[in-house]
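J.: what's the 3D shape of this:
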Amino acid sequence: MTASPRPLDPQAVALNETLRRNNPAILEMLSQRGKAIYFPKLGILSQSAEAKDKAINATIGIATEDDGGPLVLACLAKQVQLPPAKAFTYAPSPGLPEIRRLWKEQQARKNPGLNGKTYSTPVATNALTHGLSMAGYLFVDEGDTIILPDLYWENYDLTFGITYGARLDPFETFTPEGAFNIPGLRQKLSQGTGKKIVILNFPNNPTGYTPREPEAVEIAAALKDAAQAGNRVVVLIDDAYFGLVFEPGVARQSIFVPLCDAHPNLMAVKLDGPTKEDYVWGFRVGFMAFGIQGGTPEAYAALEAKAAGAVRATISNASMLGQSLLVAAWSADAYEREKREKFSTLQKRYEKIKSILAAHPEYEEVFSPLPFNSGYFMCLRLKQGNAEAVRQRLLREYGTGVIAFGPLIRLAFSSTPAGRLEALFDNVYRAAKQG
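T.: Numbers count the residues shown, from 1 in each chain. Just a heads-up that it's a prediction; the model follows:
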């Protein structure tokens, strides 16, 4: 016998009613979990908030010194220059108010097309991987289909396929001419009418490709057309490598810009963070923001509450230390200069690869590069030899590590010194030529 569904908490019902009144299409896009989740305004959290300024506060679940500061081991405190209250305590589940405000301001500066547009305040997640999972929590039911390019980060299989029971439905990433396969995207979107979930990741992992500006316009148009056709379209935008674009004419603004107000049937979910943008892989701080045409402040507040509830249900909150360090760094005088310097390091490696490929036409005998113009990676398609066999030979005979999948080899120039790039490509060439 199938168990009857659990009744929704009144707080979830209230959030759903807010969405129904303001943007009813959003409610139809939510998963069953998304409909049921809420950020608790009653109970422990509200009672703790009410006691915050009282002389005696026996509500909070941290240990404190007699003076009210957090109990901290001195051997740890001396490793951190921040005050203990900004490093060792819990952060709010939605994220520190200051970091949420600052990140939204940064999003607008990096994406001038957002000026004048309405979208939510970002909710903090435990970096982008957790943000993707929270997007699955809110929008993906078991059996849902997710449309995406066939060259994608393998963690999507775990996050959306295993964790949420979705079926990934890929289309070929590139056309034979080397452009992003917009006809393939349109073909997938045209199959039936209903809820459509799409994942877009630019710069792409594994290929290191970002659409050129005209392609970005066409991608947005294809998704808008699907929404106009009566579908409820949810676009999950994985902006993990945002900003790392190395060629002119390549889209430098997130695809979130044209999508966040494209149509009342189209929900754009921007998943991003400082992990790659600010080179802080271990901080585990990311963000989730929502945009939809006609989105009201009330609807966005409801979505933020649901996202914060999902964060609280899974990890409680993202790192207080990571958030506080980032807030401090963003106000440092040297921040922008140092960020440009690190970008320049990656740019020079990208340009070195382009010059190596141009100088070695013989490489085309055994492999050809897939289109790449951005990010951390580029891929080689082998014309002879098996990618896994080549990978093993590179490890065994050439002291070189690469990633192999299908007929492709992925090279991370993000972690390869410029002085070793020539040897890297020569080693792949020689190993692949052996068959």
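
J.: Only the buried residues of the helix or strand hosting residue 326, if you could.
T.: Element membership for residue 326, per DSSP states H and E: helix 320-330. Judged by neighbour count (16 or more other Cβ atoms under 10 Å), helix 320-330 contains these buried residues: 320, 321, 322, 323, 324, 325, 326, 327, 330. Yep, even glycine has a C-beta here, placed from its N, CA and C like the rest.

J.: Could I get the average pLDDT for it?
T.: The average pLDDT within helix 320-330 is 97.

J.: which residues touch that helix?
T.: By Cβ atoms under 8 Å, 6 or more residues apart in numbering, the surrounding residues in contact with helix 320-330 are 80, 82, 86-91, 95-96, 98-99, 102, 106, 124, 274, 278, 280, 283-285, 335.

J.: Buried subset of those, written for ChimeraX?
T.: Restricted to buried positions by 16+ other Cβ under 10 Å, the ChimeraX selection for the contacts of helix 320-330 reads:
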select :86,87,88,89,91,95,96,99,102,106,124,274,278,280,283,284,285
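
J.: In helices only, show me the contacts of helix 320-330.
T.: Using DSSP state H, 98, 99, 102, 106, 274, 335 are the members of the contacts of helix 320-330 that sit in helices.

J.: Using the three-state scheme, assign the residue of the chain most remote from its centre.
T.: Here the chain reaches farthest from its C-alpha mean at residue 55, the gap being 42.5 Å by Cα atoms, centre = their mean. State at residue 55, reduced to three classes by DSSP: H, G, I helix; E, B strand; the rest coil: coil.

J.: show me what contacts residue 172?
T.: When contacts are counted by Cβ under 8 Å, 6+ apart, residue 172 touches 149, 150, 181, 184.

J.: Likewise for residue 220?
T.: Each residue near residue 220 by Cβ under 8 Å, 6+ apart is listed here: 255, 258, 259, 262.

J.: Kindly indicate the member of these with the most neighbours.
T.: Most neighbours among these, by other Cβ atoms under 10 Å: residue 259, with 27 neighbours.

J.: residues in contact with it?
T.: Contacts for residue 259 (Cβ under 8 Å, 6+ apart) come out as 220, 223, 224, 235, 237, 266, 268, 291.

J.: okay, the closest residue to the third one other than its chain neighbours: pLDDT?
T.: The spatial neighbour of residue 224 that comes closest, neighbours along the chain excluded (Cβ to Cβ, 6 or more residues apart in numbering), is residue 262 at 4.5 Å. Per-residue confidence (pLDDT) for residue 262: 98.

J.: Please report how far residue 262 lies from residue 297.
T.: Separation of residue 262 from residue 297 (Cβ to Cβ, to the nearest Å): 19 Å.

J.: Would you map the strands across the stretch 151-300 of the chain?
T.: 167-171, 195-201, 232-238, 266-272, 286-291 (DSSP state E, counting those that start in this stretch).

J.: Please, which helix or strand holds the residue lying closest to residue 35 once chain neighbours are set aside?
T.: Among residues not flanking residue 35 along the chain, residue 16 sits closest, at 5.9 Å (Cβ to Cβ, 6+ apart). With secondary structure defined by DSSP H and E, residue 16 is part of helix 10-22.

J.: pLDDT value on residue 1, please?
T.: Per the predicted model, pLDDT is 40 at residue 1.

J.: Make 291 the first number, not 1, from now on.
T.: All right, first residue 291 from here; so that's residue 291.

J.: Retrieve the pLDDT associated with the closest residue to residue 668 other than its chain neighbours.
T.: Distances taken as Cβ to Cβ, 6+ apart put residue 662 closest to residue 668, at 4.0 Å, once the chain neighbours are dropped. Listed pLDDT for residue 662 reads 98.

J.: Let me know how buried residue 662 is, in neighbour terms.
T.: Neighbours around residue 662, by other Cβ under 10 Å: 23.

J.: Ok, the one 5 residues further on next?
T.: Using other Cβ under 10 Å as the criterion, residue 667 is surrounded by 22 other residues.

J.: pretty sure it is touching residue 491, no?
T.: No: Residue 667 lies out of contact with residue 491 (Cβ atoms under 8 Å); the separation is 11.5 Å.

J.: the helices in the stretch 591-725 of the chain, which residues?
T.: 610-620, 625-649, 677-688, 711-723 (DSSP state H, counting those that start in this stretch).

J.: Export those to a markdown table and append columns for distance to residue 536.
T.: Putting these into a markdown table (distance: least, Cβ to Cβ, whole Å) gives the following:
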| stretch | distance to residue 536 |
| --- | --- |
| helix 610-620 | 24 |
| helix 625-649 | 4 |
| helix 677-688 | 25 |
| helix 711-723 | 14 |
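
J.: which one of those helices lies closest to residue 435?
T.: Residue 435 lies closest, by Cβ to Cβ, to one member of those: helix 677-688, at 28.2 Å.

J.: Specify the angle between that closest one and helix 711-723 in degrees.
T.: Counting by axes from the mean of the first three to the mean of the last three Cα atoms, to 10 degrees, helix 677-688 lies at 120 degrees to helix 711-723.

J.: Give the other helices and strands that helix 677-688 contacts.
T.: strand 693-695, strand 698-702, helix 711-723 (3 or more Cβ pairs under 8 Å, 6 or more residues apart in numbering; DSSP states H and E).

J.: out of these, deepest packed?
T.: Of all those, strand 698-702 carries the top mean neighbour count, a mean of 21, counting by mean count of other Cβ atoms under 10 Å.

J.: residues making contact with that one?
T.: 441, 496, 657, 660, 666-672, 677, 680-681, 692-694, 714, 718.

J.: Can you flag the buried ones in those?
T.: In the contacts of strand 698-702, the ones that pass as buried (16+ other Cβ under 10 Å) are 441, 496, 657, 660, 666-670, 672, 677, 680-681, 692, 694, 714, 718.

J.: picking that back up, okay, now the residue nearest to residue 325: neighbour count?
T.: Every residue meeting other Cβ under 10 Å relative to residue 306 is counted, giving 20.

J.: for it, what are its contacts?
T.: For residue 306, the contacting residues are 298, 317, 325, 592, by Cβ under 8 Å, 6+ apart.

J.: a markdown table please, covering those and showing pLDDT and distance to residue 698.
T.: Formatted as a markdown table, the contacts of residue 306 follow (pLDDT from 0 to 100; distance: Cβ to Cβ, whole Å):
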| residue | pLDDT | distance to residue 698 |
| --- | --- | --- |
| 298 | 94 | 46 |
| 317 | 97 | 41 |
| 325 | 98 | 40 |
| 592 | 98 | 42 |
